[in-house]
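J.: Quick one, what's the 3D model for this:
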Amino acid sequence: MERFFRDLKRDHRRRTGSNSYKRALKSMPTNAPLVKNLQNPDYVAILVKGQPTLEARFADIDASVVREEMKKLRRQTEKIPKPIRKLLTLPDLSKRVTQVLVAAVAS
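T.: Residues are numbered from 1 along each chain as shown. From the prediction side, this is the model:
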């Protein structure tokens with residue numbers, strides 16, 4: 001991941017001459033690092049699972065199964081309960097969680 005962002009910053013600097021790439025980073029699709037990983041042969045080997053190419057792997061996917069799973073996801077309207085949302089906004093949440101885990105391990 002670090003290499004991806006280092007390459008991104010270097011490429012942006014070369015194209016624009018600007019050292020700030022905040023705007024370019026905000027406009028980047030969220031899955032861009034996953035696409036960048038397609039250049040890594042080990043990553044592609046995991047994805048294809050024995051198929052010769054990524055195209056052959058996608059051909060194995062049953063479209064009706066994908067549609068059904070997407071329908072299930074659309075029907076799920078889980079909301080985060082208010083007490084949990086309050087917990088997630090605490091500034092020292094990680095410190096508190098660490099204390100609880102250390103106490104649990106110690107006992």
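J.: so what pLDDT did the residue positioned nearest the centre of the chain get?
T.: Most central in the chain under C-alpha atoms, centre = their mean is residue 31, positioned 6.7 Å from the mean C-alpha point. On the pLDDT scale, residue 31 is placed at 73.
J.: The worst-scoring helix or strand of the chain on mean pLDDT: what's the following helix or strand?
T.: Ranked by mean pLDDT, DSSP states H and E, the weakest helix or strand in the chain is helix 22-27, scoring a mean of 72. As assigned by DSSP states H and E, the chain's next helix or strand after helix 22-27 is helix 32-36.
J.: From the contact counts, what lies against that following helix?
T.: helix 2-16 (3 or more C-beta pairs under 8 Å, 6 or more residues apart in numbering; DSSP states H and E). C-beta here means a position set from N, CA and C on the backbone, and glycine is covered the same way.
J.: Using PDB, list the CA coordinates for the helix it packs on.
T.: Coordinates of each C-alpha in helix 2-16 appear next as PDB, following Å, rounded to 0.1, in the frame of the first residue of the first chain:
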ATOM      1  CA  GLU A   2       2.800   2.400   0.800                       C
ATOM      2  CA  ARG A   3       4.500   1.700  -2.500                       C
ATOM      3  CA  PHE A   4       1.200   2.400  -4.300                       C
ATOM      4  CA  PHE A   5       0.800   5.800  -2.700                       C
ATOM      5  CA  ARG A   6       4.500   6.600  -3.200                       C
ATOM      6  CA  ASP A   7       4.100   5.800  -6.900                       C
ATOM      7  CA  LEU A   8       0.900   7.800  -7.000                       C
ATOM      8  CA  LYS A   9       2.600  10.900  -5.500                       C
ATOM      9  CA  ARG A  10       5.600  10.600  -7.800                       C
ATOM     10  CA  ASP A  11       3.400  10.200 -10.900                       C
ATOM     11  CA  HIS A  12       1.300  13.200  -9.900                       C
ATOM     12  CA  ARG A  13       4.400  15.400  -9.300                       C
ATOM     13  CA  ARG A  14       5.700  14.400 -12.800                       C
ATOM     14  CA  ARG A  15       2.400  15.200 -14.500                       C
ATOM     15  CA  THR A  16       1.500  18.400 -12.800                       C
END
